[in-house]
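S.K.: output the structure for:
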Amino acid sequence: MLVRRLRLFLSITTAFFATMPGFAQRAEKTFEITSVRENFSGLDRDQGVNLSGSRISATNLSLRTLILQAYGVLDFQVTGGPNWLSTARFDLQATTEIAEPIAPADLPPMLQRLLADRFHLTLHHESREMKAYVLVVDKGGPKLHETQETPEKSMSGTNQRGSSGTATMTGSGVNMSALAYRIAQQPAFRGSMVLDKTGLNGHYDFTLQWEAGESAGSSLITALREQLGLKLSSEKTPVDVLVIDRAQKPSEN
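M.R.: Next comes the predicted model:
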C-alpha cells in the first residue's frame, strides 16, 4: 500500500511540474505532410532543398544529396547504402501545417527525421583519418569585417566552376565554419575536409576573389591570405564519416 501511494504521489508531482514554464522539454519539430515521388525525367541537374515559410520543396534530388543537406556533410563523408543512392532521383514536398516559418537551424534535424520516416534511412558515424585542410588566421592577423547587424548567414558565388576568369565568393553575416565548408565545395578541394581552426567566433561580411581554372587551388589559397588574412594548410586528422546501414525507396503518395 505504501509503495502504491508513493507511485501515485510521484505521478501527480511529475505531472504538476511538467506544466510549469521551462520544465517541459522542447518538442521536436517535424513535417506533418510529406509527398515523395521518384523522378524519371533523366535530368542530372537539381536546385537543392528550397525553404519557403513552413514548406520545403525539392526537385530531382538523389537520396545522397538529401543526406548531404540534412547532415551538413560533404560527398566523400558518406559511404555505403544501396546502389541507387546517387542515381535514383526524387521530388519532395513537405509542410509543417502551421503558420510559423521554419528556422534555418531547425531544418536539418527535421529533414533527418523525414528521411528516416519516408526512406527508412538508418546510419551510424565512424571516425576515419584522412587528409584535411585546416583554416587558421595568418601571422598578420585577420582582415575580416565583423557583421554589425543581425547576421544574414548567406553566401553566394559566381564562376567558381569556370575554366577561366575571376571566381567570386561573397559572405554576408557568416561564421568561419560556413566559410570552411564552402571552400571544401570548390572543385580544387573536393574530396577533402576543410576544418575551421581560426578561433574566430563572430559573423563576418566579405568578398573573396581568385582565378578560376587549373590554378584555382593555389589562387584561392593566395586570395585567402591576402584578402582575408587567413591561411590554408594540409594535415591528417580524424574525419566524421556517415555509414549508411539501410535505405529503401519510399512508396509514392
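
S.K.: spatially nearest residue to the spatially most central residue of the chain (excluding sequence neighbours)?
M.R.: Centroid-nearest residue in the chain: residue 72, 2.4 Å away (criterion: CA atoms, centre = their mean). Counting by CB to CB, 6 or more residues apart in numbering, residue 108 is the residue found nearest to residue 72 once chain neighbours are left out, at 6.1 Å. Where you see a C-beta, it was placed from the backbone N, CA and C, and this is true even at glycine.

S.K.: ok, now which ones touch that neighbour?
M.R.: Taking CB atoms under 8 Å, 6 or more residues apart in numbering as the contact definition, residue 108 lies against 69-72.

S.K.: pretty sure it is in a helix, no?
M.R.: Yes: applying DSSP: H, G, I helix; E, B strand; the rest coil, one finds residue 108 inside a helix.

S.K.: please tell me how far it sits from residue 51.
M.R.: Distance of residue 108 to residue 51, given as CB to CB, to the nearest Å: 11 Å.

S.K.: which residues does residue 65 contact?
M.R.: So residue 65 contacts 46, 48 (CB under 8 Å, 6+ apart).

S.K.: I'd guessed residue 50 sits against residue 69; true?
M.R.: No: at 10.7 Å, residue 50 does not count as touching residue 69 under the criterion of CB atoms under 8 Å.

S.K.: more neighbours, the two?
M.R.: residue 69 (17 against 11; other CB atoms under 10 Å).

S.K.: that one against residue 111, yeah?
M.R.: Yes: between residue 69 and residue 111 there is a contact at 6.6 Å, judged by CB under 8 Å.

S.K.: tell me, what's touching the two both at once?
M.R.: Common contact partners of residue 69 and residue 111 (CB under 8 Å, 6+ apart): residue 49.

S.K.: tell me, how many residues neighbour residue 61?
M.R.: Residue 61: 20 neighbours (other CB under 10 Å).

S.K.: now it: closest residue in space, sequence neighbours ignored.
M.R.: Once flanking residues are discounted, residue 61 sits nearest to residue 46: 4.9 Å by CB to CB, 6+ apart.

S.K.: so what's that neighbour up against?
M.R.: Counting by CB under 8 Å, 6+ apart, residue 46 touches 58-62, 65, 89.

S.K.: show me the contacts for residue 239.
M.R.: Contact partners of residue 239, counting by CB under 8 Å, 6+ apart, are 77, 127-130, 132, 193.

S.K.: ugh, typo on my part, it should be residue 145
M.R.: Contacts for residue 145 were tallied using CB under 8 Å, 6+ apart; they are 204-206.

S.K.: can we see that at 6 Å?
M.R.: Neighbour list for residue 145: residue 205 [criterion: CB atoms under 6 Å, 6 or more residues apart in numbering].

S.K.: since that was my last question, I'll sign off now.
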